[in-house]
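K.L.:
dropping a prediction and its sequence here:
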Amino acid sequence: MQKHTLNTLYDNVETLKSHAQKWQSHTLSDAFAQDRNRAARYCISAAGLEMDYSKNPVDDDVLEQLLHAAKQADLPKAITRLLRGDHVNNTEDRPALHCALRFLGEPKTQEQKDVAQTLEKMSALITKVHSGDWKGFKGDTIKDVVNIGIGGSDLGPRMVTKALTPYHTGHTNVHFIANIDGAEIDDLTKKLNPATTLFLVASKSFSTLETLENALTARKWMLDNGCAQNQLAQHFVAISSKVDKAVEFGIDADNVFPLWDWVGGRYSLWSAIGMPIAFAIGMSNFNQLREGAGTMDEHFATAPLEKNIPIMMGLLMFWHSNFLGTDTQAVLPYAHHMQLLPAYLQQLEMESNGKSVTRDGIKVDYQTGSIVWGTEGTNGQHSFHQLLHQGTTPVPIDFIATLKAHHNIDHQHRYLFANCVAQSQALMTGRDEATSAAEMRSEGASEEQIAAIAPHKVHPGNRPSTTFLMEKLTPATLGALIAAYEHKVFTLGTLWNINSFDQWGVELGKLLGTHVANAIETTDVPSDWDCSTQNLVKKFTEANKNIDS
Ligand code: F6P
């Protein structure tokens, strides 16, 4: 079978491999000792973000080779193609124009004009709800807004809404429902008053099982609680690229906000899919989020490769994944409000770049998208950081920290920041056995105790990390950070010659899900299914046989 190797793409693979070999015996601490300017040299600032990548195993030679690869991949041209709306999503034959959603200045292209018009409509709706002009079926002001959506129609808006908690205006409480598990909507509706609740049904395709089922449940809840059929329009708004389907579902045509085929679901938080964000923080803050992203887009499009934050993020991950042998990456925001960033990035990176064939459908024999994981610092320090410090697999880490907090509990923010910096320092410097032994000796341990325990205290060190600093977590800096990750994904997709904008891999599970649901409903389990699947289905059918569907 034909396979695509990195050697097909790049003429310097062997050189990069020999540099990787060199870094096996060269430590990050050595690199810092040899170059007192290392932190300043391996640092890029743009759009309110500072990226310090000096604690990664790179030097000028490695960077030169990585930049050579970027040029061989024709990255600058790929960026131009992305931004001008070429059909970079070749398997779905369409552009990926999410940057048009956060244009700076006046709208110029038709896409930007459509976006501006939708944002105006969104602004009008939010003003009407916040001012109390929009009434529920009993004539009350709306107090709770519930976003029903999943994947890209949930993770981005949910993450940003949480991240920008200090900017919440307090006009409406914003909630999110995603899972087909009825427990989620059941738990939430128990706490809400139907007369003061507005549902946003967010689905680009308007055919996603979870979203449609949750929307039906929400509609039933409204009708069961006194809302008449002809009053439902006061409680349901939809965001979709399939306006007709939303209308057919029963949403008033005036309450449907368009989305376009040229926006991928996981890239859509800047569109009307971001409505829950705007409900929480107001339209002007939402626009600042978009502007922050727009500023990062401009940086991505114009900064030289070596001074370009998203490009450097992509090149570093390429280096880690394809030459240094890592297959996961951790994202550790040292900010409680950014706790959902890892979950958001899981979809962004893994749904985009978890691919095994090139843009032309040829199998690749190199690693593509890696596993993204993480949680908010300092919580992870009391959990999985053990593996980060002493496990056998080095994990490249993104630390994200803010210089200033939104609250005024200054000493806690100092501890938070100090811990973030100390973690990257400890991971890099490590601690050898002799140091641990000396410390134990000074504490009065016997030589026997030292021999038994000191090996367990060894921190191998030399563990890579990048630190992203921002002055404060604002809508603009958050927008810039998210856009940087979006473009990192594109950079990697270009380097790997894969399409970052389709997601065929989620289809088979969806299809088989409907088959299994059908087998449960009809109690007709196909005998050619494997016996494990048959057994599991039969157990469920048996356990639920007396329940009316
Ligand atoms: O199942 C994957 C997926 O198609 C994602 O790509 C998308 O973000 C999510 O489902 C939700 O899709 P929709 O917005 O069409 O409901």
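P.N.:
Everything's here; your move.

K.L.:
quick one: what helix or strand has His87 in it?
P.N.:
Using DSSP states H and E, His87 is not contained in any helix or strand.

K.L.:
what sits against it?
P.N.:
93-95 (C-beta atoms under 8 Å, 6 or more residues apart in numbering). Using the backbone N, CA and C atoms, a C-beta is placed for each residue, glycine as well.

K.L.:
let's see that with 10 Å instead.
P.N.:
81, 93-96, 262, 501 (C-beta atoms under 10 Å, 6 or more residues apart in numbering).

K.L.:
keep only the residues you listed that also lie close to the ligand.
P.N.:
Residues of the contacts of His87 in contact with the ligand (C-beta under 6 Å from any ligand atom): none.

K.L.:
from these, pick the one nearest the ligand.
P.N.:
Phe501 (10.0 Å; C-beta to the nearest ligand atom).

K.L.:
so that closest one versus Phe490, what's the distance?
P.N.:
According to C-beta to C-beta, to the nearest Å, Phe501 and Phe490 sit 9 Å apart.

K.L.:
show me the contacts of His87 that map onto strands.
P.N.:
With strands taken from DSSP state E, there is no overlap with these.

K.L.:
in ChimeraX, how would I select the buried members of those residues?
P.N.:
Buried residues among these (16 or more other C-beta atoms under 10 Å), as a ChimeraX selection:
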select :81,94,95,96,262,501
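
K.L.:
could you export the contacts of His87 as TSV, including pLDDT?
P.N.:
Shown next, in TSV, are the contacts of His87 (pLDDT from 0 to 100):
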residue	pLDDT
Arg81	98
Asp93	97
Arg94	97
Pro95	98
Ala96	98
Trp262	98
Phe501	98
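
K.L.:
could you pull out the strands in this protein for me?
P.N.:
3-4, 43-46, 49-52, 144-148, 173-177, 197-202, 236-240, 256-258, 328-333, 363-364, 371-373, 397-402, 465-470.

K.L.:
least confident of those strands, on average?
P.N.:
Mean pLDDT across the strands of the chain is lowest at strand 3-4; the value there is a mean of 82.

K.L.:
what pairs with that one, parallel or antiparallel?
P.N.:
Here strand 3-4 is paired, per DSSP bridges, with strand 363-364 (parallel).

K.L.:
got a list of what Leu82 touches?
P.N.:
88-89, 95-99, 297, 300-301, 487, 490, 493-494, 500-501.

K.L.:
I meant Gly182, not that one.
P.N.:
213-214, 217.

K.L.:
same check on Ser123?
P.N.:
Contacts of Ser123 by C-beta under 10 Å, 6+ apart are 278, 282-284, 286-287.

K.L.:
filter the residues you listed down to the buried ones.
P.N.:
278, 282-283, 286-287.

K.L.:
nearest to the ligand, of those residues?
P.N.:
Ala278 (17.7 Å).

K.L.:
not counting sequence-adjacent ones, nearest residue to the closest one?
P.N.:
Phe286 (4.0 Å; C-beta to C-beta, 6 or more residues apart in numbering).

K.L.:
so the one you found makes contact with Ile273?
P.N.:
No. Applying C-beta atoms under 10 Å, one finds Phe286 not in contact with Ile273, separated by 11.6 Å.

K.L.:
among the contacts of His87, which are located in helices?
P.N.:
Counted as lying in helices by DSSP state H, out of the contacts of His87, are Arg81.

K.L.:
would a markdown table of the contacts of His87 with distance to Ala483 be doable?
P.N.:
Shown next, in a markdown table, are those (distance: C-beta to C-beta, whole Å):
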| residue | distance to Ala483 |
| --- | --- |
| Arg81 | 18 |
| Asp93 | 25 |
| Arg94 | 20 |
| Pro95 | 17 |
| Ala96 | 13 |
| Trp262 | 17 |
| Phe501 | 16 |
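
K.L.:
and which of the contacts of His87 is nearest to Leu481?
P.N.:
Set against Leu481, the nearest of the contacts of His87 by C-beta to C-beta is Ala96 (19.4 Å).
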